[in-house]
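Q: Okay, structure incoming, though there's no sequence with it:
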């Protein structure tokens, strides 16, 4: 079944890279997503990766997918103060629109 | 489009009262989701609809919770009677099923039951 796990807290200095990790248990996942939640707001889609890809780069964001270990990571290069937020990974299964989210990882960027 | 619109933004109510949360999805989206977010449990999917029909309500915690979608542009989540443990932020999201599933979230309703 769906079970998405994330670590809870990351502190990073402005300008450094930050890496957020996520593990999932369902090997049938077709799409994996990273969402960002800023304080007092809903979630916004940052990026997604299809399960037949290993890597996706989108400007400062790099998503790595290790299907063997069911591990997903998000790297943010040149982290900015505006990147301070909670980051959620999520997955969907083929033919199923249900999004399963992890508990989220709070990133705090120190100026 | 203004995005997914939820109301109210904040609701404080007394235990035992009925609470109704409202959501207007993005026009043209055929999926609508209700989520609940708490510190302890993270983001939980309560129920979702496709073309106004409830597809999966297995996340609805108890019979005190009910959700309806009378038409494509409106949904409600009702809690009757409310309890303090229902205090959470409730999010509505909508999406258009076109391969990848980008869900667009509303701003949420922060519910406090005292």
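A: Arrived safely, thanks for sending. Quick caveat: nothing in here was measured; it's all calculated off a predicted structure.

Q: Please, where are all the strands along chain A?
A: With DSSP state E, the ranges of strands along chain A come out as A:4-6, A:9-13, A:18-24, A:29-37, A:43-50, A:55-58, A:61-66, A:71-76, A:85-93, A:100-101, A:105-110.

Q: I'd like these laid out as a markdown table, including mean neighbour count, mean pLDDT and distance to residue B:60.
A: (Each C-beta comes from the backbone N, C-alpha and C, glycine too.) Converted to a markdown table, the strands of chain A look like this (neighbours: other Cβ atoms under 10 Å in any protein chain shown; pLDDT from 0 to 100; distance: least, Cβ to Cβ, whole Å):
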| stretch | mean neighbour count | mean pLDDT | distance to residue B:60 |
| --- | --- | --- | --- |
| strand A:4-6 | 20 | 71 | 20 |
| strand A:9-13 | 13 | 92 | 30 |
| strand A:18-24 | 19 | 90 | 24 |
| strand A:29-37 | 22 | 88 | 22 |
| strand A:43-50 | 18 | 92 | 20 |
| strand A:55-58 | 12 | 94 | 34 |
| strand A:61-66 | 17 | 95 | 32 |
| strand A:71-76 | 19 | 94 | 28 |
| strand A:85-93 | 23 | 88 | 20 |
| strand A:100-101 | 22 | 82 | 16 |
| strand A:105-110 | 17 | 94 | 27 |
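
Q: so can I have CSV of those strands showing distance to chain B?
A: Formatted as CSV, these follow (distance: least, Cβ to the nearest Cβ, whole Å):
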stretch, distance to chain B
strand A:4-6, 9
strand A:9-13, 13
strand A:18-24, 12
strand A:29-37, 5
strand A:43-50, 5
strand A:55-58, 12
strand A:61-66, 13
strand A:71-76, 15
strand A:85-93, 5
strand A:100-101, 4
strand A:105-110, 11
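
Q: Show me which residues of stretch B:58-77 are buried.
A: B:59, B:60, B:65, B:67, B:69, B:72, B:75, B:77 (16 or more other Cβ atoms under 10 Å in any protein chain shown).

Q: follow-up on the earlier one: dump the strands of chain A into CSV; add distance to residue B:104 as well.
A: Below are the strands of chain A laid out as CSV (distance: least, Cβ to Cβ, whole Å):
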stretch, distance to residue B:104
strand A:4-6, 20
strand A:9-13, 26
strand A:18-24, 21
strand A:29-37, 11
strand A:43-50, 8
strand A:55-58, 18
strand A:61-66, 19
strand A:71-76, 20
strand A:85-93, 13
strand A:100-101, 15
strand A:105-110, 21
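
Q: Correct me if wrong: residue A:73 contacts residue A:56.
A: No: applying Cβ atoms under 8 Å as the test, residue A:73 and residue A:56 come out as separate, 11.3 Å apart.

Q: now the residue in chain B that chain A sits nearest to, nearest residue through space, not along the chain?
A: Residue of chain B nearest chain A, by Cβ to the nearest Cβ: residue B:105 (3.1 Å). The shortest distance from residue B:105 to any non-neighbouring residue, by Cβ to Cβ, 6 or more residues apart in numbering or on different chains, is to residue A:42 (3.1 Å).
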